[in-house]
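Enquirer: Here is my input; please provide its structure:
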Amino acid sequence: MKRKIIQLFLYLPFTPCLLFARKTIKTDTLKPNIVFILADDLGWTDLGIMGSKYYETPNIDRLASEGILFDNAYAAAANSALSRACMMTGMYTPRHGVYTVSPPDRGDKYKRKLIPAPNEDDVKSDFVTMAEALRQQGYQCGHIGKWHLGDDKDDTGPLSQGFVWNVGGDRAGAPFSYFYPYCSANNSKCHLGLNEGVQGEYLTDRLTEEAISFMRLHKDGPFFLHLSHYAVHTALQAPDSLVSKYRAKPVGTYHANPVYAAMIEKLDDSVGKICRAIDDLGIADRTVIVFYSDNGGSEPITDNYPLRGGKGMPYEGGIRVPLIIRWPGNIEAGKRTSVPITGVDFYPTFVHWAQGRADERLDGKDIFELIDKKDASRCLFWHFPAYLESYLGADEEFRARPYSIIRSGDWKLIYYYENQSMELYNLKEDMGETTDLSDFNMSKSKELFEMLTQWIEKTQAPIPTEMNPYYISE
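Expert: Predicted structure coming up:
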């Protein structure tokens, strides 16, 4: 039996307290089914309920009206693999070493001032994952869709990390095509392990049907379903009929891409089908649905306004994401909270729902305990000791250079390692990060930098300091 770095004391009983926005908890819902619907690259404002006037998301909007909507939910990283590694381990990036989607030295080598820190491509099998923790509590765990953290043949895929069911999950970060057989144009490259299907079927639909099949098989519960969509990551592809619908529709102020809009509608359809299946199976009152995105929207495909930046960037557009949680009969419907939540928080939250007790060394906190305490002052951290090349709308050469971030209360500090500079923003007054206050509020900058430094030392986060010999200064 493989050794695990973090041993979980899951045999200890856990008695949930009465939480903010929760009704009296029924005894038959103390160990609920958990359906975690994860979108890929969905921006904070890409939902109707979050302000989009072009994208149509009636099912996701309805889900929000039936549960809690989080205004200050964050990905634990601005890119996919590292964000997912944080979710699966309950740990920030320095703990598991997945800092970027490899390689870490992306972009023009003559423009990179520092040599980035070494990067892990996969979550090592030594870690006790979220799924393994839930299995210890008697859960049947199914993974459907994008994994991006390794492959089962290398002992790092879903079946090696606690799941008993894996459909479409391997090391790939995106499909070659969203239409079966999910191959490249010349059929030379295929993956996802979906060897059977109907010609032309759409990937988002296929994954949804696979997820419903899993729930039907395990309806007596408890089960954990990780429905991890590839949508709305590129390639931009959707059924022609839906694309035509959005081409004929007046564009919004900030959203205008008809193919992306069609992909979002298909994602929304998936949420609707999952909710209806849960109702049809008669398990709604003992099933929690969590809807979340792994990082911010990808510019220029979408616009994250009023947030600054997009996927891969240290600004709010890269890390602030949609989050909705619904649990009929236990979470009061129609609530909204501004308490900051991040991706490492799902692990301990799910374990607590499962009546377990997660190891205190995990970086995450129980989401509803944070809400109950109205803890808006909690510190959140990000660490990215690598480089990420630019695309339209970003910095001239890079979307991201090596940085660390702390958010404490309303304040956010970004520290850059190339030139030891920092940016300071008050997110309550300036969520668009338009005004850098680091030179105007030096005491706050110093305070946050000291807190960030302590966290870096505590987590033994690697700091890039070695000069890149290819670097040419301007």
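Enquirer: Please make it C-alpha for all contacts and neighbour counts, starting now.
Expert: Fine.
Enquirer: Contacts only, for the spatially most central residue of the chain.
Expert: What sits nearest the mean C-alpha location of the chain, by Cα atoms, centre = their mean, is residue 294, with 2.2 Å. Counting by Cα atoms under 8 Å, 6 or more residues apart in numbering, residue 294 touches 38-42, 75, 78-80, 83-84, 321.
Enquirer: Looking at the residues you listed, which is nearest residue 205?
Expert: Distance from residue 205 was checked for each of the contacts of residue 294 by Cα to Cα. The minimum falls on residue 39, at 13.6 Å.
Enquirer: With adjacent residues omitted, what lies nearest to the closest one?
Expert: Spatial nearest neighbour of residue 39, excluding adjacent residues (Cα to Cα, 6 or more residues apart in numbering): residue 293 at 4.6 Å.
Enquirer: The one you found: neighbouring residues, count only.
Expert: 29 (other Cα atoms under 10 Å).
Enquirer: pLDDT score for the residue nearest to the centre of the chain?
Expert: Turning to residue 294, the model gives it a pLDDT of 98.
Enquirer: So what does it look like in phi/psi?
Expert: When quoted as degrees, to the nearest 10, the phi and psi of residue 294 stand at phi -80, psi -20.
Enquirer: returning to what we had before: list the ones among the contacts of residue 294 that fall in strands.
Expert: 38-39 (DSSP state E).
Enquirer: Top of the contacts of residue 294 by number of neighbours, please.
Expert: Ranked by neighbours (other Cα under 10 Å), the contacts of residue 294 are led by residue 78, which has 32 neighbours.
Enquirer: Provide a list of residues in contact with that residue.
Expert: By Cα under 8 Å, 6+ apart, residue 78 lies in contact with 294-296, 311-314, 318-319.
Enquirer: what two of the residues you listed are the furthest from one another?
Expert: With distance counted by Cα to Cα, no two of the contacts of residue 78 lie farther apart than 294 and 314, which are 14.3 Å apart.
Enquirer: pLDDT-wise, which helix or strand of the chain ranks last?
Expert: Of all the helices and strands that make up the chain, the one with the lowest confidence by mean pLDDT, DSSP states H and E is helix 367-372; it has a mean of 91.
Enquirer: where exactly do the strands run in the stretch 351-474 of the chain?
Expert: In chain order, the stretch 351-474 of the chain shows strands spanning 379-384, 388-389, 398-400, 403-408, 411-416, 421-426, with DSSP state E, counting those that start in this stretch as the criterion.
Enquirer: Just send the ones you listed back as CSV, with mean neighbour count and mean pLDDT too.
Expert: Compiled in CSV, these are given as follows (neighbours: other Cα atoms under 10 Å; pLDDT from 0 to 100):
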stretch, mean neighbour count, mean pLDDT
strand 379-384, 23, 98
strand 388-389, 20, 94
strand 398-400, 22, 94
strand 403-408, 22, 98
strand 411-416, 22, 98
strand 421-426, 19, 98
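Enquirer: which one of the ones you listed lies closest to residue 105?
Expert: Between residue 105 and the strands of the stretch 351-474 of the chain, the shortest separation by Cα to Cα is 7.4 Å, and it involves strand 388-389.
Enquirer: helices or strands up against the closest one?
Expert: In terms of contacts (3 or more Cα pairs under 8 Å, 6 or more residues apart in numbering; DSSP states H and E), strand 388-389 is packed against strand 398-400.
Enquirer: per-residue confidence at the residue lying closest to residue 432 once chain neighbours are set aside?
Expert: What sits nearest to residue 432 in space, not counting adjacent residues and going by Cα to Cα, 6+ apart, is residue 307, at 4.6 Å. Residue 307 carries a pLDDT value of 98.
Enquirer: Does anything pack onto the longest helix seen in the chain? Which helices or strands?
Expert: If each helix of the chain is counted by residues according to DSSP state H, the longest one is helix 258-280. Taking 3+ Cα pairs under 8 Å, 6+ apart as the contact definition, the neighbouring helices and strands of helix 258-280 are helix 58-65, helix 203-217, helix 240-247.
Enquirer: please redo it, this time with the cut-off set to 6 Å
Expert: Taking 3 or more Cα pairs under 6 Å, 6 or more residues apart in numbering; DSSP states H and E as the contact definition, the neighbouring helices and strands of helix 258-280 are helix 58-65, helix 240-247.
Enquirer: out of those, deepest packed?
Expert: For those, the largest average neighbour count (mean count of other Cα atoms under 10 Å) is found in helix 58-65, namely a mean of 19.
Enquirer: Neighbouring strands - and their directions - for the helix or strand just after it?
Expert: Downstream of helix 58-65, the first helix or strand assigned by DSSP states H and E is strand 68-70. Under the criterion DSSP bridges, strand 68-70 sits next to strand 323-326 (antiparallel), strand 335-337 (parallel) in its sheet.
Enquirer: quick one: contacts of strand 68-70?
Expert: Strand 68-70 is touched from outside by 323-325, 335-337, with contacts defined as Cα atoms under 6 Å, 6 or more residues apart in numbering.
Enquirer: Selection in ChimeraX covering whichever of the residues you listed are buried, please.
Expert: Written as a ChimeraX command, the selection of buried residues from those, which uses 16 or more other Cα atoms under 10 Å, is:
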select :323,324,325,335,337
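Enquirer: Make JSON lines out of the contacts of strand 68-70 and add distance to residue 408 and pLDDT.
Expert: Formatted as JSON lines, the entries for these read as follows, by distance: Cα to Cα, whole Å; pLDDT from 0 to 100:
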{"residue": "323", "distance to residue 408": "20", "pLDDT": "98"}
{"residue": "324", "distance to residue 408": "23", "pLDDT": "98"}
{"residue": "325", "distance to residue 408": "24", "pLDDT": "98"}
{"residue": "335", "distance to residue 408": "23", "pLDDT": "94"}
{"residue": "336", "distance to residue 408": "20", "pLDDT": "95"}
{"residue": "337", "distance to residue 408": "17", "pLDDT": "94"}
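Enquirer: ok, now which ones touch the closest residue to residue 444 other than its chain neighbours?
Expert: Counting by Cα to Cα, 6+ apart, the nearest residue to residue 444 once its immediate chain neighbours are dropped is residue 438, at 7.9 Å. Each residue near residue 438 by Cα under 6 Å, 6+ apart is listed here: 423-424, 445.
Enquirer: measure residue 438 to residue 422 for me?
Expert: 7 Å (Cα to Cα, to the nearest Å).
Enquirer: Residue 459 too?
Expert: When distances are taken as Cα to Cα, residue 459 and residue 422 turn out to be 21 Å apart.
Enquirer: What lies in contact with stretch 378-395?
Expert: Residues outside stretch 378-395 that contact it (Cα under 6 Å, 6+ apart): 99, 104-107, 116-117, 397-408.
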